[in-house]
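**Student:** A predicted structure for the sequence below; I have some questions about it.
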Amino acid sequence: MTSKAKNGYTLIELLITITIIVGLSAISFPLGFSIRDKSRQAKCLSNLRQIGVGLQMYLGDHNDYLPELALGRSDKTSEEPVLETVLLGYVENEEVFHCPSDGVEFKKTGSSYNWNITQNGRKITDLSFFGNDNRPEAIPLVSDKEAWHDGKTNFLYADSSSSDKIRFVTEK
C-alpha cells in the first residue's frame with residue numbers, strides 16, 4: 001500500500017491559517033497603539049524632567065528666583081520671553097520642548113508646554129498655588145499645552161518631579 005505525498009495545503013488549512021493571522025492582528029494592533037502612546041508619554045515626562053534640570057540651573061544663576069515668562073507665544077516669531085527661549089541655553093536642545101504626541105503646537109510656537117505664569121518672578125522657596133503654600137510637590141510650573149496622553153496632561157512640579165497626576169487642590 002503506497003500513499004501519495006501531498007504537494008500543497010488544502011483549502012481548509014489555508015482558511016484556518018488566515019483566520020489565526022487575522023485574529024492575532026486584531027489583538028496586536030490595539031496593543032501596539034497603546035504601547036506607542038505610553039512610549040510617547042514617557043518621552044514627554046522625560047522632556048519635562050530635563051526642563052526641570054534646566055530650570056534648576058537657571059535658578060542657580062538667578063539667586064533662586066523663577067523667570068518672568070509669558071504663558072506661551074502664538075508663533076515662533078513672537079519676541080516675548082517664553083519657556084523655550086529663556087531656558088534653551090540650560091537644556092540639551094530645542095527638542096526638549098517637543099512632546100512627541102504634539103503634531104501642531106511645537107511646529108507653530110516652538111513648544112508643546114505652557115509656563116505657569118502665577119509663579120513668575122517668585123523665589124523658589126516662596127511659591128503658592130491655589131492655597132498650596134510652600135508645597136513644591138503640589139505646585140505645577142510647566143504643563144502640556146493639550147491633554148495629549150489619553151486625555152491626561154503631564155506636569156512638571158516645583159520639586160522637579162514630573163507626572164500626569166494632579167497633585168494640587170483648591171481651597172474651599
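**Tutor:** It's in. It should be emphasised that the depicted structure is a prediction, and the values quoted were computed from it without experimental measurement. Residues are numbered from 1 along each chain as shown.
**Student:** quick one, phi psi at residue 109?
**Tutor:** Backbone torsions of residue 109, given as degrees, to the nearest 10, read phi -110, psi -20.
**Student:** Tell me how many other residues surround it.
**Tutor:** By the measure other C-beta atoms under 10 Å, the count of residues near residue 109 is 22. The way it works is simple: take the backbone N, C-alpha and C, and place the C-beta from them, glycine included.
**Student:** The residue most central in space within the chain and residue 15, how far apart?
**Tutor:** The centre of the chain sits closest to residue 44, judged by C-alpha atoms, centre = their mean, with a distance of 2.7 Å. Look at residue 44 and residue 15: by C-beta to C-beta, to the nearest Å, they are 44 Å apart.
**Student:** Of all the helix elements in the protein, which one is longest?
**Tutor:** If you go by DSSP state H, the chain has its longest helix at helix 11-61.
**Student:** elements contacting the next helix or strand after it?
**Tutor:** For helix 11-61, the following helix or strand on the C-terminal side (DSSP states H and E) is helix 83-86. Packing partners of helix 83-86 (3 or more C-beta pairs under 8 Å, 6 or more residues apart in numbering; DSSP states H and E): strand 113-115.
**Student:** How about residues contacting the strand it packs on?
**Tutor:** 47-48, 51, 69-72, 82-84, 97, 99, 141-145, 156 (C-beta atoms under 8 Å, 6 or more residues apart in numbering).
**Student:** Quickly run through the sheet partners of that strand, with directions.
**Tutor:** With DSSP bridges as the test, strand 113-115 is paired with strand 140-144 (antiparallel).
**Student:** so for the strand it pairs with, what's the average pLDDT?
**Tutor:** The predicted model assigns strand 140-144 a mean pLDDT of 96.
**Student:** what residue ranges in this protein are flagged as low confidence?
**Tutor:** Applying pLDDT under 70 to the chain picks out residues 1-6, 28-33, 170-172.
**Student:** which ones are touching the residue nearest to residue 121 when sequence neighbours are not counted?
**Tutor:** Excluding the flanking residues, the one nearest residue 121 by C-beta to C-beta, 6 or more residues apart in numbering is residue 68, at 4.6 Å. By C-beta under 8 Å, 6+ apart, the contact set of residue 68 is 81, 120-121.
**Student:** just to revisit the earlier point, how much distance is there from the longest helix of the chain to the middle of the chain?
**Tutor:** 13 Å (C-alpha atoms, centre = their mean, to the nearest Å).
**Student:** Pull out the buried positions in stretch 154-170.
**Tutor:** For stretch 154-170, a neighbour-count test (16 or more other C-beta atoms under 10 Å) marks 154-158, 160-162, 164 as buried.
**Student:** which of those residues lies closest to residue 63?
**Tutor:** The closest of these to residue 63 turns out to be residue 158 (C-beta to C-beta; 16.4 Å).
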